[in-house]
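**Student:** predicted model and sequence follow; I will ask about them next.
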Amino acid sequence: MRLNYHMPGTPPATLLPGRESGGSVPTITLIQYDSETIFESEFDSFGELMARFDPGKVNWINIDGLGDTDLLRALGEQFGLHPLALEDVLNTTQRPKVEHYANHFFIVSEMVYFDKEEHLTFEQVSMFLGSNYLITIQEEHGEDSFESVRQRLRVGRGFGRKRGPDYLAYALIDSIVDQFFPVLESLGDAIEDIEEELLERPSKSTLRRLYEVKRLLVQVRRASWPHREILNSLMRDDTGRVTAETTIFLRDCYDHITQIIDIIESYRDLSAGLMDVYLSSLGFRTNEIMRVLTVVSTIFIPLTFVAGVYGMNFNTSSPFNMPELDWKFGYLYFWLISALIAGTTLVIVKRKKWL
Amino acid sequence: MRLNYHMPGTPPATLLPGRESGGSVPTITLIQYDSETIFESEFDSFGELMARFDPGKVNWINIDGLGDTDLLRALGEQFGLHPLALEDVLNTTQRPKVEHYANHFFIVSEMVYFDKEEHLTFEQVSMFLGSNYLITIQEEHGEDSFESVRQRLRVGRGFGRKRGPDYLAYALIDSIVDQFFPVLESLGDAIEDIEEELLERPSKSTLRRLYEVKRLLVQVRRASWPHREILNSLMRDDTGRVTAETTIFLRDCYDHITQIIDIIESYRDLSAGLMDVYLSSLGFRTNEIMRVLTVVSTIFIPLTFVAGVYGMNFNTSSPFNMPELDWKFGYLYFWLISALIAGTTLVIVKRKKWL
Amino acid sequence: MRLNYHMPGTPPATLLPGRESGGSVPTITLIQYDSETIFESEFDSFGELMARFDPGKVNWINIDGLGDTDLLRALGEQFGLHPLALEDVLNTTQRPKVEHYANHFFIVSEMVYFDKEEHLTFEQVSMFLGSNYLITIQEEHGEDSFESVRQRLRVGRGFGRKRGPDYLAYALIDSIVDQFFPVLESLGDAIEDIEEELLERPSKSTLRRLYEVKRLLVQVRRASWPHREILNSLMRDDTGRVTAETTIFLRDCYDHITQIIDIIESYRDLSAGLMDVYLSSLGFRTNEIMRVLTVVSTIFIPLTFVAGVYGMNFNTSSPFNMPELDWKFGYLYFWLISALIAGTTLVIVKRKKWL
Amino acid sequence: MRLNYHMPGTPPATLLPGRESGGSVPTITLIQYDSETIFESEFDSFGELMARFDPGKVNWINIDGLGDTDLLRALGEQFGLHPLALEDVLNTTQRPKVEHYANHFFIVSEMVYFDKEEHLTFEQVSMFLGSNYLITIQEEHGEDSFESVRQRLRVGRGFGRKRGPDYLAYALIDSIVDQFFPVLESLGDAIEDIEEELLERPSKSTLRRLYEVKRLLVQVRRASWPHREILNSLMRDDTGRVTAETTIFLRDCYDHITQIIDIIESYRDLSAGLMDVYLSSLGFRTNEIMRVLTVVSTIFIPLTFVAGVYGMNFNTSSPFNMPELDWKFGYLYFWLISALIAGTTLVIVKRKKWL
Amino acid sequence: MRLNYHMPGTPPATLLPGRESGGSVPTITLIQYDSETIFESEFDSFGELMARFDPGKVNWINIDGLGDTDLLRALGEQFGLHPLALEDVLNTTQRPKVEHYANHFFIVSEMVYFDKEEHLTFEQVSMFLGSNYLITIQEEHGEDSFESVRQRLRVGRGFGRKRGPDYLAYALIDSIVDQFFPVLESLGDAIEDIEEELLERPSKSTLRRLYEVKRLLVQVRRASWPHREILNSLMRDDTGRVTAETTIFLRDCYDHITQIIDIIESYRDLSAGLMDVYLSSLGFRTNEIMRVLTVVSTIFIPLTFVAGVYGMNFNTSSPFNMPELDWKFGYLYFWLISALIAGTTLVIVKRKKWL
């Protein structure tokens, strides 16, 4: 299990590239808008970007990739970001949280989605929310759940363009939170599949899938819970950085994450119940099989003994040795006795409801 | 498992018809009353309805079916409903909640009942509570638990007609909460049935039913818990929208939901206990069967060996080869030895309390 | 499982006789006392009783049986009792609670005792505590835990007669709470019995008894917990209805219920542990039985095969066919081989600690 | 399970001797000290003791044995102790607690120790803490954990002699709390023993010991938890009865009890885990045994059948009846076939990793 | 299980060497710095050290080893440390905590690391934080997680040298907290290994390793949780001993410990799930084995009986005795019947999905 942390002994607030995504050169994009205009571009260097920065508009700076610590350092100096916050950007197994610094909020969120190979993937998104800018820093390049927000900004639909960076931050967090729903739906489908399989034909692969679902639930749970605290903290903000209008939207998002947590807890309940069902189901099948074995054995083992007895080669010249063999109806008697033993056993077995 | 949510990337406060009940054209009804008069009618369009709206009376607008987003939009504009609230009306897997907007309360509740095929059904009911109106929006047409409230309004029984829309909202929530009781009673009956079956004759279908009950309890629990918060929030309202008189009734309803939650928790306890009983019961039966198999095998397998020995064909011309076969009482000795072996085994088995 | 509730759709505050005890005509008794005098009588009608009511003394009106809704209605009018409270009196599966109305407290408590057939019985006791009266309403006729309180009032022992109805209410609740102790003691005895039985000779009836105890604990728990809230609420009363002196006694009673809840939780822990012990104990016994079966089979099945081989009828005229049968010491060799096989098996089995 | 409580119906604050230790005549001792002097003596009657009482010094009155209710009554009158508190002294299954009366604190604590037969014993210690006295009442005679405190007072070591009765009360509670450590250490040793036994050679006695440890943990837990509340309550005292200096010592004692509770919870975790290990371990052993049985059976049962076939006595005069018996190499073929069957089975078994 | 505590009866605040590490002579070192200078030396006696103490700089006194109680006493007198705190330094199984004394904070922390033999080791670190000094006392000599802090002080990197002893205390606690990450990572690796092993080839050693991981998680959990309280308490300090600047760093450390606790809880969840998987997996394997045994037995036991029948030696001179033996195609019929029996059994078995 990979935990991304600085080696113990590293001084606090040291900027080291993330242990894995270390090498990827970041992409820097800027979306700058107010209710009238929108400008969108990709930049090669931080200097060029800052030349274009317009304090009178909302500036959304997005950085994909954590490979360039100099960029982060420059960013930190320019916007007065706290070194500890910058360190957390790179230590990508942070717990989602929000931190209130004097001139900006620092938000760590966790994006969850199925990647192309259908693996559940977690990706940290860090945000710095200032009075006229929002900086978002993602671990990886490629498509993200923010595309829809960009589209809405471009076409000017919704209220987005008329509002400040706090609303933009809300919109992004909302898109992250909404990503949980399809993930949960697919987990719910998996649970239903397993449920049916368990009751019909439990196999080893069912167990493996059930455990997999439980493991994913543990992970999704760990990623979702702290978002509630984030939204709560933003909603209760009294510094004015989050406007009252945005608060209503945050409350809606808060309801969504509460619902997500509710669903996760239900799924945990169900999957715990399924493990019990699996165990019971196995127990029941073993019991059933044992019943058959016992019935067959209990009927035939004594009969085989009787047959064995009359297969013995005692010298029948002695009148005491196996006189039955010479009886006229000996063989018929043998079958009678056998039928009697088998019949009695069957009756007992029926009474005990073993068959 | 169907989760009803907007696709991630949908702008907030977008009105899309519910994913499933999308096509059903809504029915609009108005019940308008004060302590003297009552008027009740069905309308074809929202315009006609508003022409009839009387600000001096209590106007209860009920809409069945979520198929017409234009209607919702018109409703929203007319009454100043928040777009996010309207979005929640359509996303019918909302968690029950209450939201305090400036000029109305938005309440999401969850009706639970057994439908005609005896399936446990959950249906979202959204309410907008204003100063002189109550708008209720249900997912589906057909009978609902509100019929009794309508009847009481018509005959003028109870205090209902003399009071405002807050009392009407209470009466509807109360009818929803009371619906939980027969559902729980039937779950309780199921638990008692399973309990008896488990202790008498556990079968695979018992397991399936037990799991089904657990699953329903998880669902009912998820639907009931938030109602406590709703009632608590309404009771503590200090905006004057909920009158002190209604608060007393809400407290009564709050007691009911607390009692319902108590019962659900007890049932969860009991059904968890039953799973243990099932496992133990299976274990006991397997043990019992194994004891029989072991006793029969332990007695007859050695005897069969002895019989097999005397069925061997060693050339008895050698005096060392199976002289027993020629003994006068060889066969009797055989039976004596067999009886001895069987007897000893039985004594040991009895001592170990296996039979 | 019987849940006593009004059918959904019943208007709030409707008085309907309880679903089961509907028919029993109530008995009305009055005990009227101050520090000097005491008067005790049974009345046929509510009118007669009220004629005797003396506002200058403590009036304890006790009603056994819920069959007469007119009586309750009259009571409600006379003392200004809230209709919702009266409805709760009849819905006898209320959760214990206390409600503060302007001119009286409404207390719902739950008496628990073993009835004559040793069934654990729960009976709702409703109390209305006014400034100079206490009305108690019980579900059933017959002896109750209040008899001792009556005796103490009659003989004037204790401080009871000098105090107001709040002390009387305390005394009755205390007698209800103290009833939990013998019930718990008998459950504790049952747990100890089961414990011993489980470790010595687990049987199916042990399982049944264990589950029964768990079920009773769930019920007793549900009845006891809310009493803590009741006592807490009464102790913190700042309306003056409960005097400071009585508060000290309530605190003592609060300690008792806390102790009861502690004991219940311990018993739940123990009985959960016992279920584990049962399962483990069964597993151990099955294991033991299987060991015996396996040892016997592993020794004799190969031997039986060998005996079977020498019972074959191959034509010994061919020198390659079973020459062993003609050896002089063939039979002895057979026994040697058998002893060797059996011995080796036993050694292996011993090493594996199966015997 | 013995619960010590007054029969329901007993008036509150009645003094009855404890149900079991009823007959033991109490021993009364007084230790009276200030920073300069110390006086220690045993008294026959309460009157003599009171004659010696010196309000200017710290008077520690210790009573061993609950047999004399008159003594308690006299004590109560002399020091103004609340009758309910005196009742709690005798009902020796009280939950540890502290109660704040106007002129004294009433503390109930629970001493836990292994008695001479190594049984875990619980003994209630009641304390009345006044401005210049501390009364301690124990259930039983004999040595107690207070001896070390007495020694320290006698030699005048530590700060004890210079301080008031609140420090004395602390010292006694501290000696009670410290008693938990050796008890826990011995439980921890037991858990380690069981752990090793379980993984090496689980037996029935292991199960019994494990359950015993779990039961003791439930009891020790019930006794320890409330001490935290006691210490917390004493630390937060603002009546001046507990001095600020003593508060620092109480905080230390509070840390100890927190540590004790932490350890108990860890032990509960571990012992729950051990029960799982036991079950799994049994399951593993059963599985192992079954594998051997199955392998032996699967190899030899078919072979025995084949041997049985060639032991049949069909009349070989018909050329269709068992011609194999007359083949020259029939017997060799038989062994070849047997080896083939056994070999194939072994290969399959090896592939399935059963051996 | 070793618990390090004073024998009950020891007076509070007694200094006794730790029960185990008693004999080790402590090493005393001083690091004295301000933003300009740094001095570092080891001292033989406490007197020499104090001669060098400079109130105008930050003095970090580190003591390794608890063997010299005189040193502690001298330390206590010099810096006015509370005797109870000094006692806690020696009782090395303290729960991590922070205590606020008038002129210093007393912090107990718990270092966790794998020692050279890869055993998880816990070592108590006690700290006294004054206005111009920090005293740290460790149980054992040898390398510690503080080395990196020392290095940073020496080279003057980071902000450390410019700040007070509160920042130094933070840096040390941070280095302790960061030590948890590699420990958790190795536990996480162990869980993943066990997971794979369980699903592929569960063995007894898997069970042992799983239990070991659970046990370590219990211990790490007990050590980590209280650090959250410590950090919280330091962050909320309002005495000025902890500066606002350091508080930001403490918040970062608080986030780390929260993350650690989150991970531990996830691991507990996973390892509990694995125990279920183990049990289920065993159950599945047993079931599989039993199916094979049952199929083989069910086919061959009846056949063996039939073969046994025709091996009987009834005297065929009677026409009723085993006439089948003389039939021309008797042997063929036998095989037909055998094939029929085996075939029918196989079909049934296939239908039941046992193979």
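**Tutor:** Good, I have the coordinates. Residues are numbered from 1 along each chain as shown, chains lettered A, B, ... in the order given.

**Student:** burial count for the residue lying closest to A:Ala171 once chain neighbours are set aside?
**Tutor:** Leaving aside its sequence neighbours, A:Ala171 sits nearest to A:Val149 (Cβ to Cβ, 6 or more residues apart in numbering or on different chains; 4.9 Å). Yep, even glycine has a C-beta here, placed from its N, CA and C like the rest. When neighbours are counted by other Cβ atoms under 10 Å in any protein chain shown, A:Val149 registers 21.

**Student:** quick one, helices of the stretch 251-355 of chain A?
**Tutor:** A:330-351 (DSSP state H, counting those that start in this stretch).

**Student:** follow-up on the earlier one: so the residue nearest to A:Ala171 makes contact with A:Tyr170?
**Tutor:** No. Using Cβ atoms under 8 Å, A:Val149 makes no contact with A:Tyr170, being 10.0 Å away.

**Student:** can you list the residues that contact whichever strand or helix holds the residue nearest to A:Ala171?
**Tutor:** Using DSSP states H and E, A:Val149 falls within helix A:147-155. Residues outside helix A:147-155 that contact it (Cβ atoms under 8 Å, 6 or more residues apart in numbering or on different chains) are A:31, A:33, A:38, A:40, A:158, A:160-161, A:168, A:171-172, A:175, B:8-11.

**Student:** among the residues you listed, which are in strands?
**Tutor:** Mapping those onto strands (DSSP state E) picks out A:Ile31, A:Tyr33, A:Ile38, A:Glu40.

**Student:** closest to A:Ile264 among these?
**Tutor:** The nearest member of the ones in strands among the contacts of helix A:147-155 to A:Ile264, counting by Cβ to Cβ, is A:Ile31 at 33.0 Å.

**Student:** need the contact list for the closest one.
**Tutor:** Taking Cβ under 8 Å, 6+ apart as the criterion, A:Ile31 is in contact with A:Ile38, A:Phe39, A:Glu40, A:Asn59, A:Trp60, A:Asn62, A:Arg150, A:Leu153.

**Student:** 10 Å instead?
**Tutor:** The contact partners of A:Ile31, by Cβ atoms under 10 Å, 6 or more residues apart in numbering or on different chains, come to A:38-41, A:57-62, A:134, A:146, A:149-150, A:153-154, A:168.

**Student:** try A:Ser271
**Tutor:** Neighbouring residues of A:Ser271 by Cβ under 10 Å, 6+ apart: A:Leu187, A:Ala190, A:Ile191, A:Ile194, A:Glu195, A:Leu210, A:Tyr211, A:Val213, A:Lys214, A:Leu216, A:Leu217, E:Gly273.

**Student:** ditto for A:Val125
**Tutor:** Residues near A:Val125 by Cβ under 10 Å, 6+ apart: A:62, A:89, A:92, A:96, A:107-111, A:136-139, A:144-146, A:172-173, A:176.

**Student:** again, 6 Å this time
**Tutor:** Neighbour list for A:Val125: A:Ser109, A:Met111, A:Gln138 [criterion: Cβ atoms under 6 Å, 6 or more residues apart in numbering or on different chains].

**Student:** all the strands of the stretch 1-150 of chain A, residue numbers only.
**Tutor:** Assigned by DSSP state E, counting those that start in this stretch, the strands in the stretch 1-150 of chain A fall at A:27-33, A:38-43, A:58-64, A:97-100, A:105-114, A:120-129, A:133-138.
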